[in-house]
Every structure is written in C-alpha cells, then in structure tokens.
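K.L.:
Sequence and predicted structure are below.
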Amino acid sequence: MKGIPYLLFGLVMLTILVSCKPSKNETHSNEYSLFDGTWEVIDNPEQRITITENDKHSFDLSFENLDFLESSDLIVSEQTRKELILKSKNKGLIYSFYIIEKNQLDFYFAANSDENIVGESPPITLKKTK
C-alpha cells in the first residue's frame, strides 16, 4: 500500500513526458518549414529563389532573375536543422542552403555531384521575403 503513491506519481510523470515529445513527422515538418518559401538576394532584391516542399523527400526550386534553370523533383541528399542539400535525380546538380541567421541563409550551387559545394563557390546570401 505504501508503494501506490509512488506508482501513481511515476505514471503521471511518464504520461507528461510522452505527451510533450513531438512525433518524428512533426519534427521533420518543422525543420523543412524553415527553408520553404521565397528568398531574395540581399544585394539585389529583384533576384529571388522560391523553395517549395512537395513532400518530405522532394522539393522544387524556381529562380527569378538568376541564371539557374528551374528544378523540380529535387531529392533531399542531407538535412539538418541548419542545412538542406538537394540533388537533381538526373542532371547531377546540387543545391545547398545553410541558415546563417533566423531569416537569412547562404545558397551554394554545384553542377558536378562530386564537388564539395560548401566553400568551393562563393555563397549567395538570401533573406526571407515577407
């Protein structure tokens, strides 16, 4: 009988812990929502990149006033809270986005899938449009 209060306390704490933990899908969606949207080049606001999430492993990119071809069905090569690397399925193109501040990110591009794109080409710094 003396152990019942401890058992009840343990069950309550376990219930609180389980209910506070986000599911994997919620975490995944929140990470990608940081990148999803329209971004403009800081030095030239007329140049824009729109990142559209199709599903959890596929993105589309569209470019306005930039010398890149629009890309659809890019697959996620690597993803963390601060970095998103996308590869085209058939062209070997790599697009990398790295968050440097809350509403700013660096954009890197490589036409060769064997290149290490971060640090190889100068980044294009983007800010999120409102």
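P.N.:
Thanks, I have it.
K.L.:
what helix or strand is Leu11 on?
P.N.:
Assessed by DSSP states H and E, Leu11 sits inside helix 4-20.
K.L.:
how distant is that helix from the center of its chain?
P.N.:
35 Å (Cα atoms, centre = their mean, to the nearest Å).
K.L.:
Against which helices or strands is that helix packed?
P.N.:
In terms of contacts (3 or more Cβ pairs under 8 Å, 6 or more residues apart in numbering; DSSP states H and E), helix 4-20 is not packed against any helix or strand. No exception for glycine: its C-beta is placed from N, CA and C like everyone else's.
K.L.:
all helices of the chain, in order?
P.N.:
If DSSP state H is used as the criterion, the helices of the chain fall at 4-20, 24-33.
K.L.:
And those, which one averages the lowest pLDDT?
P.N.:
Among these, helix 24-33 carries the lowest mean pLDDT, a mean of 48.
K.L.:
Thr125 is in contact with Gln104, correct?
P.N.:
Yes - counting by Cβ atoms under 8 Å, Thr125 is a contact partner of Gln104 at 6.4 Å.
K.L.:
which residues do the two both contact?
P.N.:
Here Gln104 and Thr125 have Ile42 as joint contacts, going by Cβ atoms under 8 Å, 6 or more residues apart in numbering.
K.L.:
which residues of this protein score low on pLDDT?
P.N.:
Regions of the chain meeting the criterion pLDDT under 70 cover residues 1, 21-33, 112-121.
K.L.:
now do 50
P.N.:
For the chain, residues meeting the criterion pLDDT under 50 lie at 23-32, 119.
K.L.:
What segments of this structure are strands?
P.N.:
37-41, 48-55, 58-64, 71-79, 83-87, 94-101, 104-110, 124-128 (DSSP state E).
K.L.:
Which of the ones you listed sits closest to Leu14?
P.N.:
Relative to Leu14, the nearest member of those by Cβ to Cβ is strand 71-79, separated by 30.9 Å.
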